[in-house]
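A.B. asks: What would the 3D arrangement of this be:
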Amino acid sequence: MRRVYLDRHCPIILLLLAVICGNVYALQGSTGVNGSNAQAVHELGITGKGIKIGLITARNVLTTHLAFEPNTVFNYDYSGDGIGYNYHDTPFAGIIKSKGSYNHPYDIGVAPDAEIRCCRVADNNDGVSRTWLQNALDDLMAIGCKVIVTGFQLPPDEDPSWSRMYDYYAANYDIVFANAAGNNYSNVSVFGDGYNGITTGGLEDIVADDYSRVGEVTCPGPTIDGRRKPDIMAPSTYQVAPGYSGSSNDYWYTTSGSGATSWAVPHTAGVAALLLEYANQTTEADDGRNEVIKAVIVNSAFPNIDRKNGDSTNPADPNNTWHNERGYGRVDVLRAVNTLSAGKISKDATVITSTAGWAYDTISPSATHTYLIAGNKNERLVLTVTWNCAITKLGPNYSLESPLFNIDVTVKGPEGEPIFSEIDDVNNLEKVDIRLPADGNYTVSLHNITSKSRSYGLAFELLTPLTGDFNTDYIVDGYDLSRIAEEWLTAGAEADIVPDDIVNNLDFAEFADNWLKIEKRYFCP
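C.D. replies: As a prediction, this is how the structure comes out:
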């Protein structure tokens, strides 16, 4: 797509959408167990109440729509062209906070009790200036918005100061930025290439309400400079959301069938609001930090998502923990809430016996923090560490710190043997997903290799072993059949839920039940 400029700082924006087609489902499906799983959190009484979400958009939201409670959605204009509407920004907001209507009782958004502050930063020619955007962000900070989500994209080769602006506000104001991966480019677009936000791609529902394949138009990773984005995926297609159509206050819009990220990233904003509401209810001082919110969201992502062409992304392969099309997997807010509610864990000598938890700490120059996690053989240790990159603001320009702050992550087994190590000086998020080889205490080491001090967020889960596969790749195939042939009726067989190198009748039953399919309980025990 050709770019056009109003002036050096005013690119024409590209709305994050595509053409409507296909079957029609409701928000009820996209917020269900095979979507963002928000309904399960609503049942816990968590609905985003008390959380303000800032929308950065090309136009404004129809605040009088019947799906929005009075005085919960507010519009502002920074373009100078006044409050205006289009077909995009009302459903964009509605996926977050729709409360349904008489004719649409089940079309409830991810965070229906959150408050929306919508800032128009594009003029009537769809040009946006950095000054308008910065003014909107300043005002959103002043009124207490803790989540920011953007409804348009800029091309991947745009001036990086646009994304660095978001990174600056995330780091300095403790804001969760929900950024879209963008559409129809071969790399993640601006603002999805930001360091400190959570970048979201779009998912298609293969069958009704089962969002398990990467959307056709969503941008794959990495970023142009080679970083691992997107972070997560969220439902996009065939959602029925409040819409704008002239004077009607009960018009409903059906999102496209191509996986456009406009309809996915509102889920991430709503998920962040649900987690922040929960954090506000606890006595913990740090569970609402943006690093912690990002860590628990990414750590709880469900990775058993197919590529655009329908092929598996082989999530059980440790080399595929991150995949360029599906990131770390589909957002699951119930698992994220469960990780956050499991409590804060302590570093150094204390052995952690819980199966989930989070941490927030500051690591000094050249220091090492260790966490001792008690695990069992064949459990999966899933652990995420993230931190904010520092940004320098010089007038209207924003620049990334150099050299980057960095934490190296290693995991050692009960005998001190290394089982995971990542030395990465590019990304500011690292995720571990490994099967534990033995019972015992595992040492997770975070080593600050820089001369800088920085805070970080950490989240972890221990997932129970899965049955039904002999070589623990969670796909039953010809390899497993050959193993059966080799180990046919070995003497002394004992039934076990984990691979025991002995084949018996129970193994055959599991094999038959799982023949040629991916174990759907992977990452979702």
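A.B. asks: which stretches of the stretch 401-525 of the chain have low pLDDT?
C.D. replies: Across the stretch 401-525 of the chain, the ranges flagged by pLDDT under 70 are 465-480, 482-484, 486-525.
A.B. asks: Tell me which stretches of it form strands.
C.D. replies: 407-412, 418-422, 429-435, 440-448, 454-463 (DSSP state E, counting those that start in this stretch).
A.B. asks: Please identify which of those is closest to residue 279.
C.D. replies: Across the strands of the stretch 401-525 of the chain, residue 279 has its closest neighbour in strand 454-463 (12.0 Å, CB to CB). Yep, even glycine has a C-beta here, placed from its N, CA and C like the rest.
A.B. asks: Taking strand 440-448 as reference, get the angle to the closest one.
C.D. replies: Note on geometry: by axes from the mean of the first three to the mean of the last three CA atoms, to 10 degrees, strand 454-463 and strand 440-448 are set 160 degrees apart in direction.
A.B. asks: so how far does stretch 253-266 reach from one end to the other?
C.D. replies: 15 Å (CA to CA, to the nearest Å).
A.B. asks: Please apply the same query to stretch 206-215.
C.D. replies: 10 Å.
A.B. asks: picking up where we left off before, out of the strands of the stretch 401-525 of the chain, flag the one nearest residue 395.
C.D. replies: strand 454-463 (25.2 Å).
A.B. asks: Tell me who's in contact with the spatially closest residue to residue 386 that is not a sequence neighbour.
C.D. replies: Setting aside the residues directly before and after it, residue 386 is nearest to residue 429 in space (CB to CB, 6 or more residues apart in numbering), at 4.1 Å. With contacts defined as CB atoms under 8 Å, 6 or more residues apart in numbering, the neighbours of residue 429 are 228, 231, 294, 298, 384, 385, 386.
A.B. asks: How much space separates residue 429 from residue 284?
C.D. replies: Here the criterion is CB to CB, to the nearest Å. By it, residue 429 lies 22 Å from residue 284.
A.B. asks: thinking again about what came up before, filter the contacts of residue 429 down to the ones in strands?
C.D. replies: 384, 385, 386 (DSSP state E).
A.B. asks: Burial check on the first one, number of neighbours?
C.D. replies: By that I understand residue 384. By the measure other CB atoms under 10 Å, the count of residues near residue 384 is 28.
A.B. asks: now the helices for the stretch 151-300 of the chain?
C.D. replies: Along the stretch 151-300 of the chain, the stretches classed as helices by DSSP state H, counting those that start in this stretch are 161-173, 265-280, 290-299.
A.B. asks: Could I get those in JSON lines, plus columns for distance to residue 28?
C.D. replies: Shown next, in JSON lines, are the helices of the stretch 151-300 of the chain (distance: least, CB to CB, whole Å):
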{"stretch": "helix 161-173", "distance to residue 28": "32"}
{"stretch": "helix 265-280", "distance to residue 28": "14"}
{"stretch": "helix 290-299", "distance to residue 28": "22"}
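A.B. asks: who wins for proximity to residue 370 among the ones you listed?
C.D. replies: Closest to residue 370 of these is helix 290-299 (CB to CB; 17.4 Å).
A.B. asks: and of the helices of the stretch 151-300 of the chain, who's closest to residue 75?
C.D. replies: helix 265-280 (16.8 Å).
A.B. asks: Relative to residue 446, which of the ones in strands among the contacts of residue 429 is nearest.
C.D. replies: Each of those was scored against residue 446 by CB to CB, and residue 385 proved nearest at 6.2 Å.
A.B. asks: Just grab the bridge partners of that closest one for me.
C.D. replies: Counting by DSSP bridges, residue 385 forms beta bridges with residue 430, residue 458.
A.B. asks: That one contacts residue 458, correct?
C.D. replies: Yes - assessed by CB atoms under 8 Å, residue 385 is found in contact with residue 458 at 5.0 Å.
A.B. asks: Quick check: neighbours shared by the two?
C.D. replies: 295, 446.
A.B. asks: Now do the strands in the stretch 201-350 of the chain.
C.D. replies: 210-214, 232-235, 240-242, 252-254.
A.B. asks: From residue 170, how far out is residue 200?
C.D. replies: 15 Å.
A.B. asks: I'd say residue 152 and residue 55 touch.
C.D. replies: No - applying CB under 8 Å, one finds residue 152 not in contact with residue 55, separated by 10.7 Å.
A.B. asks: In CSV: the strands of the stretch 401-525 of the chain, plus distance to residue 290.
C.D. replies: Conversion of the strands of the stretch 401-525 of the chain to CSV gives the following (distance: least, CB to CB, whole Å):
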stretch, distance to residue 290
strand 407-412, 17
strand 418-422, 22
strand 429-435, 12
strand 440-448, 18
strand 454-463, 8
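A.B. asks: Between these, which one is closest to residue 261.
C.D. replies: strand 429-435 (19.0 Å).
A.B. asks: Format the CA atom coordinates belonging to that closest one as CSV.
C.D. replies: Provided in CSV are the C-alpha atoms of strand 429-435 (Å, rounded to 0.1, in the frame of the first residue of the first chain):
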residue,chain,number,x,y,z
LEU,A,429,10.8,-10.6,27.1
GLU,A,430,12.0,-14.2,27.5
LYS,A,431,9.8,-17.2,27.9
VAL,A,432,10.7,-20.7,29.0
ASP,A,433,8.6,-23.8,28.2
ILE,A,434,10.4,-27.1,29.1
ARG,A,435,9.6,-30.6,30.3
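A.B. asks: Report the inter-axis angle for it versus strand 440-448.
C.D. replies: Here strand 429-435 runs at an angle of 160 degrees relative to strand 440-448 (the same axes, to 10 degrees).
A.B. asks: now the angle from strand 429-435 to helix 290-299?
C.D. replies: Angle of strand 429-435 versus helix 290-299, following the same axes, to 10 degrees, is 40 degrees.
A.B. asks: State the number of residues packed around residue 348.
C.D. replies: Neighbours around residue 348, by other CB under 10 Å: 9.
A.B. asks: Is it correct that it is in contact with residue 370?
C.D. replies: Yes - contact criterion CB under 8 Å: residue 348 and residue 370 qualify, at 5.9 Å.
A.B. asks: Tell me how this protein divides into domains.
C.D. replies: Using automatic domain parsing, the domain ranges for the chain come out as 23-320, 343-463, 469-525.
A.B. asks: Could you pull up the mean pLDDT of the first one?
C.D. replies: The average pLDDT for domain 23-320 rounds to 95.
A.B. asks: Now do that domain: distance to the chain's middle.
C.D. replies: 10 Å (CA atoms, centre = their mean, to the nearest Å).
A.B. asks: next one: the second one
C.D. replies: Here domain 343-463 shows a centroid-to-chain-centroid distance of 18 Å under the convention CA atoms, centre = their mean.
A.B. asks: quick one: contacts for residue 451?
C.D. replies: 365, 366.
A.B. asks: redo that, cut-off 6 Å
C.D. replies: Residue 451 is in contact with residue 365, counting by CB atoms under 6 Å, 6 or more residues apart in numbering.
A.B. asks: distance of it from residue 429?
C.D. replies: Using CB to CB, one gets 21 Å for the distance from residue 451 to residue 429.
A.B. asks: can you redo the domains of the chain as JSON lines with distance to residue 329?
C.D. replies: Shown next, in JSON lines, are those (distance: least, CB to CB, whole Å):
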{"stretch": "domain 23-320", "distance to residue 329": "4"}
{"stretch": "domain 343-463", "distance to residue 329": "10"}
{"stretch": "domain 469-525", "distance to residue 329": "7"}
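A.B. asks: so which of those domains comes closest to residue 14?
C.D. replies: Relative to residue 14, the nearest member of the domains of the chain by CB to CB is domain 23-320, separated by 5.1 Å.
A.B. asks: Quickly compare the domains of the chain and say which is most buried.
C.D. replies: Most buried of those, by mean neighbour count (mean count of other CB atoms under 10 Å): domain 23-320, with a mean of 22.
A.B. asks: sorry, back to before: in TSV: the strands of the stretch 201-350 of the chain, plus distance to residue 481.
C.D. replies: Listed next are the strands of the stretch 201-350 of the chain as TSV, based on distance: least, CB to CB, whole Å:
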stretch	distance to residue 481
strand 210-214	26
strand 232-235	32
strand 240-242	45
strand 252-254	45
